[in-house]
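Asker: make a model of this:
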Amino acid sequence: MSISQNRLLQVLAVSALALGLTACGPSGNESQTTGQKLDNAIEKTEKAAENAKVEAERAAETAGQKIENAVEATKDAATNAADATKDAVSHAAEAAGDAGITAKVKAALVGDAELSALKINVDTKDGAVTLHGEAPSQAAKDRAEQLAKAVEGVKTVNNLLTAK
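Answerer: Model prediction:
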């Protein structure tokens, strides 16, 4: 082989090598090494994790506030229900008390020989007894009032009986 051929082969070999290195080397935005690319990916992952943490904390705070609001609403509803129950029990006790007083007054009137045959209407409201009907005499009317006043729980007696 002649020197010029040898020289030509050397130039071709160097050119091929340079071309090969250029094709394999970094280009444009690929100028980062694999380590740099890994570091960038880790950094992006850490940022995404931090953003996710912030969003999770916001969501937890919002959920916590909603739970607190629900607890307060439940407490208020329980208090209102307890108050309504107390009122209902109180009204029921008053009604039962009035009914009991009416029954006791009627029993006392039936126990009296002169008044037992009479139809005397007895109404009770908040311990106030009202007598309606007809009594055979003023004495019987007065006795009916005294019998009613003697019953436990009677506060007042409104005697509307008429004497014959």
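Asker: check which helix or strand covers E57.
Answerer: helix 34-110 (DSSP states H and E).
Asker: from L160, how far out is the residue most central in space within the chain?
Answerer: In the chain, the centroid-proximal residue (CA atoms, centre = their mean) is T74; its distance is 2.7 Å. Separation of T74 from L160 (CB to CB, to the nearest Å): 51 Å. C-beta here means a position set from N, CA and C on the backbone, and glycine is covered the same way.
Asker: just D87 next, same as before
Answerer: 31 Å.
Asker: can you check L38 too?
Answerer: Separation of L38 from L160 (CB to CB): 103 Å.
Asker: for A107, same thing?
Answerer: Distance, A107 to L160, by CB to CB: 20 Å.
Asker: ok so V129 is a helix residue?
Answerer: No. Under DSSP: H, G, I helix; E, B strand; the rest coil, V129 falls outside any helix and is assigned strand.
Asker: that one and T156 touch, don't they?
Answerer: Yes. With contact defined as CB atoms under 8 Å, V129 reaches T156; the gap is 7.1 Å.
Asker: have a look at the two and say which one is more surrounded.
Answerer: The neighbour comparison of V129 against T156 (other CB atoms under 10 Å) goes to V129, with 24 against 11.
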